[in-house]
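Engineer: Got a sequence here, can you build the structure:
(one chain, ligands or ions: 1)
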Amino acid sequence: MTDIQLPQFPEPFWRDSVSLPSFPKLEQSINVDVGIVGGGITGITAAYLLSKQNVNVTLIDAGVILNGTTGHTTAKITAQHGLIYDELIQHFGQDKASQYYQAADDAQKLIQETISSLAIDCDFQKEDAYIYTNSDSYISQLENEKKAYDKLNIQSQLTETIPLDIPLKSALIMKDQAQFHPLRYLKVLVEESAKNGVQFFENTTATDIEHNKHPAIITRDGNRISCDNIIIATQFPFYDKEGFYFARMYQDRSYVLAVKSPKTFPGGMYINAETPTRSIRTTSMNGEDLWLIGGENHKTGTGQSTIEHYNALHSFAAEYVGIDQIPYRWSAQDITTLDKVPYIGPITDNNDAIFVATGYRKWGMTNGTVAAKVISDRITQKENQYEDLYSPSRFQADPSIRKFASINADVAKHLIKGKLEYTENNINKLAADDATVTRIGGKRAGVYKDEGESLHMVDTTCTHMGCEVEWNSGDRTWDCPCHGSRFSYTGEVVTGPATKPLSKIDPE
Ligand code: FES
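Structural biologist: Model prediction:
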């Protein structure tokens, strides 16, 4: 590792390089055609597509728009979603695997057409996507993936050399993919949607949905958004009905460093097949290349101190990229479903009014755009060929059952483990900008000491389903290992499915 320091606080380059509009809080009950919860790529693209067809839409966000995973992505617009096509052919058959590719390819085209029709300046650039390995045991997997590409007529090439100077044994290229600045793109979609009549509200938390004759979103302040249709675009659905989403998905975190390097970037977007994950692309910062070095995935709320993950990327960048400066670091949260295909569609198979879109793994630019198109087509009663593939009610016996058992055994383990843990009260030894878990008044308590030496104490019992949260030193948040909810050090919800803050604890 070099002596060039990581930034003290996480902040994504995307948010720091665009000026986004802000919106008021919802202060009254309203009636609309479609209520959307969540201001990321799914919600905003759906709002844009629906509003172009004169549908009356309102979108709310619990915080500010574009500050969830969409604001923290690596923003690759690609159908190369890691090693996936060989597996999809095995589990779903060639037709469905082909549809998955076509849907991602259509999403790329939709993004490109939108950029041209609205003349959006968002650094959109065509690039080849590479998945590479430096491990002997992954070479045959890349070969099998290449065979799957050939079966699906995906333009590709298996190679032992790539333009980037990193050690590798084999790489599979998917030609003609793309990258962009996601927030410059989505900012224009927000502005266009607003011109088409979409109302945006920020700092407006949805806490429930009531479903009588028509569904209604209930906000924390008790206001109602009555609508014909609701789209839950909150990444992890904040409302589950009887869909049991919490039991059939898991969340993991990954990290990004934005690095200025003395080297010239040769083009391309790269990701390795093995773990730990390494992902590399560049973007432009004031006319200079900014290398985005990502990876280090782990299940949310588990594993080593999160700052160690940034350190591992730092070491990788120092060894293979060269570091002049590290202007930004940030992390993101992704959700994976039992069979790795997103859940997009009606929340349960007998509910045609409430839609969910979740489980994009790391591929939210394409999957979020697919979701917006599939759901907006359904609402405007247009046929969409991808509906069945993504239906949340689908059932794939293998390997879902094993995975289902492992996700839920893990949740049970964390529920019990967290309750049994007992730590000595060591608040006095706590350094500034550090946290500990202790017991205060018999309750497990999370204590963070800020830089001004003030203590922030919260009850560590997650308000979703009662697991115990763990400290995330990289982002200064309390993260839940069960379904991935995250809370600020003052207890506010940062990421669902939890909708209620952690209880604050007063010092004894
Ligand atoms: Fe489900 Fe915490 S996110 S218990």
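
Engineer: what's the average pLDDT for the helix or strand where K187 lies?
Structural biologist: Under the criterion of DSSP states H and E, K187 resides in helix 182-195. Here helix 182-195 scores 98 as its mean pLDDT.

Engineer: Which residue comes closest to T219 once chain neighbours are left out?
Structural biologist: Using Cβ to Cβ, 6 or more residues apart in numbering and skipping residues adjacent in sequence, the residue nearest T219 is T204, 5.5 Å away. Where you see a C-beta, it was placed from the backbone N, CA and C, and this is true even at glycine.

Engineer: Counting neighbours, what do you get for that neighbour?
Structural biologist: Residues lying near T204 (other Cβ atoms under 10 Å) number 24.

Engineer: all strands of the stretch 351-500 of the chain, in order?
Structural biologist: 354-358, 434-440, 443-449, 455-459, 470-472, 477-479, 486-488, 493-495 (DSSP state E, counting those that start in this stretch).

Engineer: As JSON lines, the ones you listed with distance to T348 and mean pLDDT would be great.
Structural biologist: As requested, these are arranged in JSON lines below (distance: least, Cβ to Cβ, whole Å; pLDDT from 0 to 100):
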{"stretch": "strand 354-358", "distance to T348": "8", "mean pLDDT": "97"}
{"stretch": "strand 434-440", "distance to T348": "37", "mean pLDDT": "84"}
{"stretch": "strand 443-449", "distance to T348": "35", "mean pLDDT": "86"}
{"stretch": "strand 455-459", "distance to T348": "32", "mean pLDDT": "91"}
{"stretch": "strand 470-472", "distance to T348": "32", "mean pLDDT": "90"}
{"stretch": "strand 477-479", "distance to T348": "28", "mean pLDDT": "93"}
{"stretch": "strand 486-488", "distance to T348": "26", "mean pLDDT": "94"}
{"stretch": "strand 493-495", "distance to T348": "23", "mean pLDDT": "90"}
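
Engineer: need those in TSV with distance to Y149 and mean neighbour count, can you?
Structural biologist: Below are those laid out as TSV (distance: least, Cβ to Cβ, whole Å; neighbours: other Cβ atoms under 10 Å):
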stretch	distance to Y149	mean neighbour count
strand 354-358	27	27
strand 434-440	46	18
strand 443-449	47	21
strand 455-459	48	19
strand 470-472	37	22
strand 477-479	36	25
strand 486-488	36	22
strand 493-495	34	21
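
Engineer: Next, format those as a markdown table and append distance to Q125.
Structural biologist: Converted to a markdown table, the strands of the stretch 351-500 of the chain look like this (distance: least, Cβ to Cβ, whole Å):
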| stretch | distance to Q125 |
| --- | --- |
| strand 354-358 | 26 |
| strand 434-440 | 41 |
| strand 443-449 | 41 |
| strand 455-459 | 43 |
| strand 470-472 | 33 |
| strand 477-479 | 33 |
| strand 486-488 | 32 |
| strand 493-495 | 30 |
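
Engineer: residues of the helix holding K187 that come out buried?
Structural biologist: P182, L183, R184, Y185, L186, K187, V188, L189, V190, E192, S193, A194 (16 or more other Cβ atoms under 10 Å).

Engineer: For N67, find the nearest of the strands of the stretch 351-500 of the chain.
Structural biologist: Nearest to N67 among the strands of the stretch 351-500 of the chain is strand 493-495; the distance by Cβ to Cβ comes to 9.4 Å.

Engineer: and the closest one, what does it pack onto?
Structural biologist: Here strand 493-495 touches strand 486-488, going by 3 or more Cβ pairs under 8 Å, 6 or more residues apart in numbering; DSSP states H and E.

Engineer: How far does stretch 483-502 stretch from one end to the other?
Structural biologist: 15 Å (Cα to Cα, to the nearest Å).

Engineer: Report whether that stretch contacts the ligand.
Structural biologist: Yes: with Cβ under 6 Å from any ligand atom as the criterion, the ligand is reached by stretch 483-502 at H483, G484, S485, P497, A498.

Engineer: can the residues you listed go into TSV with extra columns for pLDDT, distance to L142 and neighbour count?
Structural biologist: Listed next are those as TSV, based on pLDDT from 0 to 100; distance: Cβ to Cβ, whole Å; neighbours: other Cβ atoms under 10 Å:
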residue	pLDDT	distance to L142	neighbour count
H483	87	33	26
G484	87	30	27
S485	92	36	31
P497	88	35	26
A498	91	39	22
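
Engineer: Greatest separation within the residues you listed: which pair is it?
Structural biologist: G484 and A498 (9.4 Å).

Engineer: Which residue ranges of the protein form helices?
Structural biologist: 13-16, 41-51, 85-92, 94-117, 136-151, 182-195, 306-320, 364-379, 387-390, 400-420 (DSSP state H).

Engineer: Point out the most buried one among those.
Structural biologist: Mean neighbours per residue, mean count of other Cβ atoms under 10 Å, is largest over those for helix 41-51, with a mean of 28.

Engineer: Quick check: which helices or strands does it pack against?
Structural biologist: strand 34-37, strand 57-60, helix 182-195, strand 229-232, helix 364-379.

Engineer: Kindly calculate the angle that it makes with strand 354-358.
Structural biologist: Orientation check (axes from the mean of the first three to the mean of the last three Cα atoms, to 10 degrees): helix 41-51 against strand 354-358 gives 140 degrees.
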